[in-house]
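[1] Predicted model and sequence follow; I will ask about them next.
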Amino acid sequence: MIGPNRRAPLALALAVCAALAAASAPSTAGAAPRPAETVPLLSVGGISIAAPEDTLGRGEYLAALRLFEAGLFDSSAASFQLFAMRRQRNLLVNDAIEHVLLIRENREPGDEPLRLYARTMASRNAGQADSAAAMARAGLERFPKARIRYHWEYLLAEIARDRGDHADAIRLAMTVADSTSKSRLAPFALKLAGDETIAMGEDPQKALRLYQALLERYPASPLGPPVRAQVLEIRKKLQL
């Protein structure tokens, strides 16, 4: 999944599990999209719980992931939710929760954009970055207004970062981070843009502005503590 590891309290993960368990089943492919669930929205694949490592049940997670990649979203969401409830100490539990949120937030009639995104992620997870990037660009061209578009943009930003194309990574990340996007990936995109600004050797003040925007716009983000530490480090260096 996308995004670097970030830590969140175990209680948060369990609260999300409880909220998901209480919610009704995901909408079917032809139904009207559901509104976002009233649970904390976290970056897809973006956090891991602060608990002892436990890999028990990994096969259940992988089975749910295969259903997602095959476009069987109702079955996948149900399987991910069951995994999250049964395997609360597994390090993949938050990935499972976020797959449920991803599915629920991006259902559209026919599910074509979400199906293409699932295939995109299947290629990425298989280590086929070039194929994943090509599919993401094709998705943006075919479905420019789809709700999933910011996930494609963020994926492309990560792929650009991984291949060392800092300028393109920043450009793509800032598309997601734009306040008008209203994407829940925006704080993660701001951090990616700030990190890439530093990696590029640009003026540290530019990165500082991006990190400060993240802290001001998303004060409850799980990225807050590490970003505050980065801000302090940059300010110390600027005073030397």
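    Everything's here; your move. Numbers count the residues shown, from 1 in each chain.
[2] Would you mark the buried spots in stretch 64-80?
    Going by neighbour count (16 or more other C-beta atoms under 10 Å), the buried part of stretch 64-80 is 64-65, 67-69, 71-73, 76-80. (Glycine included, C-beta is placed from N, CA and C.)
[3] Including secondary structure, pLDDT and distance to E202, could the residues you listed go into a markdown table?
    Output for the buried residues of stretch 64-80, formatted as a markdown table (DSSP: H, G, I helix; E, B strand; the rest coil; pLDDT from 0 to 100; distance: C-beta to C-beta, whole Å):
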| residue | secondary structure | pLDDT | distance to E202 |
| --- | --- | --- | --- |
| A64 | helix | 97 | 41 |
| L65 | helix | 97 | 37 |
| L67 | helix | 97 | 43 |
| F68 | helix | 97 | 37 |
| E69 | helix | 95 | 37 |
| G71 | coil | 95 | 41 |
| L72 | coil | 97 | 44 |
| F73 | helix | 97 | 41 |
| S76 | helix | 97 | 41 |
| A77 | helix | 97 | 41 |
| A78 | helix | 97 | 46 |
| S79 | helix | 97 | 44 |
| F80 | helix | 97 | 39 |
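[4] Tell me how this structure divides into domains.
    7-25+41-105, 112-239 (automatic domain parsing).
[5] If you average pLDDT over each of these, which is lowest?
    The minimum mean pLDDT among these belongs to domain 7-25+41-105 (a mean of 75).
[6] buried set for the helix or strand encompassing L172?
    Element membership of L172, judged by DSSP states H and E, is helix 166-177. Using 16+ other C-beta under 10 Å as the test for burial, helix 166-177 gives H166, D168, A169, I170, R171, L172, A173, M174, T175, V176, A177.
[7] from those residues, which single one is nearest Y218?
    Nearest to Y218, judged by C-beta to C-beta, of the buried residues of helix 166-177 is A177 at 10.2 Å.
[8] Count the residues that sit near the closest residue to that closest one other than its chain neighbours.
    Spatially, and ignoring its direct neighbours in sequence, A177 is nearest to A189 (4.0 Å; C-beta to C-beta, 6 or more residues apart in numbering). Neighbourhood size, A189 [other C-beta atoms under 10 Å]: 28.
[9] Taking helix 166-177 as reference, get the angle to whatever helix or strand A189 lives in.
    Applying DSSP H and E as the criterion places A189 in helix 186-199. Angle between the axes of helix 186-199 and helix 166-177 is 160 degrees (criterion: axes from the mean of the first three to the mean of the last three C-alpha atoms, to 10 degrees).
[10] Okay, buried residues for whichever helix or strand comes after helix 186-199 please.
    Once helix 186-199 ends, the next helix or strand along the chain (criterion: DSSP H and E) is helix 204-217. Within helix 204-217, the residues scored as buried using 16+ other C-beta under 10 Å are P204, A207, L208, L210, Y211, Q212, A213, L214, L215.
[11] any idea how far the residue nearest to A177 lies from H151?
    11 Å (C-beta to C-beta, to the nearest Å).
[12] circling back: contacts made by the helix holding L172 with the rest, please.
    With contacts defined as C-beta atoms under 8 Å, 6 or more residues apart in numbering, helix 166-177 is touched by 150, 153-154, 156-158, 160-161, 181, 183, 185-187, 189-190, 192-193, 196-197, 199-200, 210, 213.
[13] what's the spacing between the longest helix belonging to the chain and its chain's center?
    In the chain, ranked by residue count with DSSP state H as the criterion, the top helix is helix 224-239. Here the centre of helix 224-239 is set off from its chain's centre by 24 Å, with C-alpha atoms, centre = their mean, to the nearest Å.
[14] now the angle between helix 186-199 and it, please.
    With the same axes, to 10 degrees defining the directions, helix 224-239 sits at 30 degrees from helix 186-199.
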